[in-house]
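Colleague: Return atomic coordinates for the entry below.
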Amino acid sequence: MDKLSQLRKLISQLGLDVAYISDPMTIKYLTGFYSDPVERVLALLVFPDQDPFLFAPALEVEAIKETGWTNPVYGYLDHEHPYEMIAQQVKKRVPNPTKWGAELGFLTVARLRALQDNFPKAKFETDLTPVIEKMRLIKSPDEIAKLNEAGKWADFAFEVGFKAAHPGVKEQAVAAELEYALKQKGIMQMSFDTLVQTGAHAAEPHGATSDRVIQDHDMVLFDLGTVFDGYISDASRTIAIGDISDRQREIFDVCLEAQLTAQAAAKPGITAAELDKIARDIITKAGYGEYFIHRLGHGMGMSEHEFPSIMEGNDLVLEPGMCFSIEPGIYIPGFAGVRIEDCVHITEDGCEPFTHTSKEFMAVK
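Modeller: Down below sits the predicted model:
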């Protein structure tokens, strides 16, 4: 059963008249077409017993057809009223749709009101976000193969980046060099902005690559990923520039132990919360618990952050085909930051990573 057929079956079970899908990544997952419409309207309308249709800016219609989409697609011009046009097409299929489902975490208040203006008796009470999340949770062998290929190119990027990291070189220059090398190989898209952070700058987990200059005795944190055929990689490594202090080496070793131990423990039957605790306990026991300030991991696939979260309080039991990151970190403000990460997929008896660059301590000159 294809993905759209699965969704149609699910919305029928939920008793819905129509599902309004507007997250571009969900649309890509269900149809194969991706575009960020920015301020314009892109939507997929799905019915339990009617063919679905795509509604898009007119300038996207031909691109949608080129993906192999064989169901109806309707375009609109900028001066037209998209929700009135959507309503016309919906009413041709379901004259009086009252039970709607939508990705409520993505749909803005303004757009929800625009739909309600055209369907004043409709109830938008069913949140389809968890339905879509569960559909995307277990990856197929084909999806795993694409994730492995994306991981291969992340490994290549690490190789180039490590060679480029030297005293006197800016973080931005290292990121640019590895991205240029990928483009020369035909890998044109990163899964998120490449992160290269040196010294105390690496203590900002959501910082950005800057013009900070790498210094001797720094540690340099890399967080990067590539896109292959719509699927992403995401991995982190931390290396040393020359000799580093005993404290720097200690936080690296603690973080590495936490990552390796958690990755070895990831298997069917363990819960997300239990896996998080395995890594967190190691860091806490070493005295650095207050500096591990985020969850152990997040789901990944077509997006770098998907369901589920590998964190305290999540009792989801891991199953084969689930894909997520394992990325403990220690971030000491004003001193240094270390993060070590692989994304993995759960197998029948353990897990396999998508990236294979060594995580052992590495010092470059």
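Colleague: what about Ala363, how many residues close to it?
Modeller: Residues lying near Ala363 (other C-beta atoms under 10 Å) number 12. No exception for glycine: its C-beta is placed from N, CA and C like everyone else's.
Colleague: Got phi/psi on it?
Modeller: For Ala363, the backbone dihedrals (degrees, to the nearest 10) come out as phi -120, psi 130.
Colleague: where's Ala279 relative to Asp51, distance?
Modeller: Distance, Ala279 to Asp51, by C-beta to C-beta, to the nearest Å: 47 Å.
Colleague: Which one of those two is surrounded by more residues?
Modeller: More crowded of Ala279 and Asp51, by other C-beta under 10 Å: Ala279, with 26 against 13.
Colleague: My guess is the more buried one contacts Ala262. True?
Modeller: Yes. Counting by C-beta atoms under 8 Å, Ala279 does reach Ala262; the two are 4.0 Å apart.
Colleague: Need the overlap of contacts for these two.
Modeller: Common neighbours of Ala279 and Ala262 (criterion: C-beta atoms under 8 Å, 6 or more residues apart in numbering): 296, 326, 328.
Colleague: OK, contacts around the last one?
Modeller: Residues touching Pro328, when contacts are defined by C-beta under 8 Å, 6+ apart, comprise 255, 258-259, 262, 279-280, 282-283, 292, 296, 339-340.
Colleague: Let's see which of those end up in strands.
Modeller: Arg339 (DSSP state E).
Colleague: Centre-most residue in this protein?
Modeller: What sits nearest the mean C-alpha location of the chain, by C-alpha atoms, centre = their mean, is Glu304, with 1.5 Å.
Colleague: how close does that residue sit to Met25?
Modeller: 11 Å.
Colleague: what about stretch 186-200, how long is it end to end?
Modeller: End-to-end distance for stretch 186-200, by C-alpha to C-alpha, to the nearest Å: 34 Å.
Colleague: now swap in stretch 198-218 and tell me
Modeller: Stretch 198-218: ends 6 Å apart by C-alpha to C-alpha.
Colleague: what's the spacing between that stretch and its chain's center?
Modeller: 23 Å (C-alpha atoms, centre = their mean, to the nearest Å).
Colleague: Tell me which residues are up against that stretch.
Modeller: 165-172, 174-175, 193-197, 219-221, 238, 240-245, 293-294, 329, 331-339.
Colleague: same question, stretch 133-144
Modeller: Outside stretch 133-144, the residues that touch it by C-beta under 8 Å, 6+ apart are 3, 6-7, 10, 29, 147, 231, 299, 301-302, 306-308, 319-323, 345.
Colleague: Now with 10 Å, please.
Modeller: Here stretch 133-144 makes contact (C-beta atoms under 10 Å, 6 or more residues apart in numbering) with 3, 6-7, 10, 25-26, 29-30, 103, 128, 145-147, 229-231, 299-303, 306-308, 316, 319-324, 345-347, 352, 354.
Colleague: so of the contacts of stretch 198-218, which ones are in helices?
Modeller: Among the contacts of stretch 198-218, DSSP state H puts 171-172, 174-175 in helices.
Colleague: and which of the residues you listed is nearest Leu115?
Modeller: Ala175 (41.5 Å; C-beta to C-beta).
Colleague: where does Thr26 land on pLDDT?
Modeller: Looking at Thr26, its pLDDT stands at 96.
Colleague: do the same with Lys365
Modeller: 82.
Colleague: residue farthest from the centroid of the protein?
Modeller: Residue farthest from the centre of the chain, counting by C-alpha atoms, centre = their mean, is Pro95 at 37.9 Å.
Colleague: Tell me the one of the contacts of Pro328 nearest Ala122?
Modeller: Of all these, Leu296 has the smallest distance to Ala122: 40.6 Å, by C-beta to C-beta.
Colleague: tell me the contacts of the residue nearest to the closest one when sequence neighbours are not counted?
Modeller: Excluding its sequence neighbours, the residue lying closest to Leu296 (C-beta to C-beta, 6 or more residues apart in numbering) is Asp276, at 4.1 Å. By C-beta under 10 Å, 6+ apart, Asp276 lies in contact with 262, 292, 295-297, 309-314, 326, 328.
Colleague: Check whether Asp276 sits in a helix, strand or coil.
Modeller: helix (DSSP: H, G, I helix; E, B strand; the rest coil).
Colleague: what's the spacing between it and Phe252?
Modeller: For Asp276, the distance to Phe252 - C-beta to C-beta - is 21 Å.
Colleague: Sweet, I'm off.
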